[in-house]
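Q: Test case, fold it:
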Amino acid sequence: MKQIYTISILLSLVLGLSSCATKSSSKSYKGKKSSIPKVPVKQIPGGTTDNWRYLGTSQDGQIAVEVSESSITKTNNKVKFQDRKTITNSNPNASSGALGNYKYSLSWWNMDCTTKQYYIANTTIYDDFGKLIKNYNFTSTQPINISSGSIAELQYNYVCQDKNRQIGY
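A: Residues are numbered from 1 along each chain as shown. Here you go, the predicted model:
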């Protein structure tokens, strides 16, 4: 008798569990909205076409410099061009100089190939995702001498002297 009682309890338990496992719910699962913020798509200012020519880095290796090939316009010995600088040190606590913290800058330059001088017309700075931070327009046309080993010298060699035209992307 005890054996029949034990078997009937086990049988009831097995049937009960199997019916729970095979029951279908009429309610479908509706997930919650994620509380994880969406990360914006990274966009490099100026684009990523083969129009950009890599010139090198600053002496300390903190800034990579490129020139937009299609932006170069020459009038006599004067050249106007656009460059893009990328801060390679992505330490969020490090300052990128007088302009504050940024990842990219797009700037328009005027260079005198005869006197080896230049001045900046404007610059726009962007964050890590290519979002505009600020635009600066400069009214001073006071030229600056190009010093040896500087980023300006890399640019001068490229736009004025046609040197290092074989490097790039």
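Q: In the chain, what residue spans correspond to helices?
A: With DSSP state H as the criterion, the chain has helices at 2-22, 151-159.
Q: where among those helices is the average confidence lowest?
A: Looking at the helices of the chain, the lowest mean pLDDT belongs to helix 2-22 (a mean of 51).
Q: what residue ranges in the chain score low on pLDDT?
A: 1-34, 40, 48-49, 90-100, 165-169 (pLDDT under 70).
Q: all strands for it, in order.
A: 52-57, 63-68, 73-75, 78-87, 104-112, 117-126, 132-137, 144-145 (DSSP state E).
Q: Output those in a markdown table; the columns should cover distance to residue 152.
A: C-betas here are computed from N, CA, C, even on glycine. Compiled in a markdown table, the strands of the chain are given as follows (distance: least, C-beta to C-beta, whole Å):
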| stretch | distance to residue 152 |
| --- | --- |
| strand 52-57 | 11 |
| strand 63-68 | 10 |
| strand 73-75 | 17 |
| strand 78-87 | 10 |
| strand 104-112 | 8 |
| strand 117-126 | 6 |
| strand 132-137 | 18 |
| strand 144-145 | 8 |
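Q: Same list, these, but as CSV with mean neighbour count and distance to residue 36 please.
A: Shown next, in CSV, are the strands of the chain (neighbours: other C-beta atoms under 10 Å; distance: least, C-beta to C-beta, whole Å):
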stretch, mean neighbour count, distance to residue 36
strand 52-57, 18, 34
strand 63-68, 20, 32
strand 73-75, 10, 47
strand 78-87, 20, 27
strand 104-112, 19, 26
strand 117-126, 18, 25
strand 132-137, 12, 25
strand 144-145, 11, 47
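Q: out of the ones you listed, which comes closest to residue 159?
A: Proximity to residue 159 (C-beta to C-beta) singles out strand 78-87 among those, at 4.7 Å.
Q: So which residues make contact with the closest one?
A: With C-beta atoms under 8 Å, 6 or more residues apart in numbering as the test, strand 78-87 has contacts from 45-46, 52, 62-68, 71-73, 96, 102-113, 121, 151, 155, 159-160.
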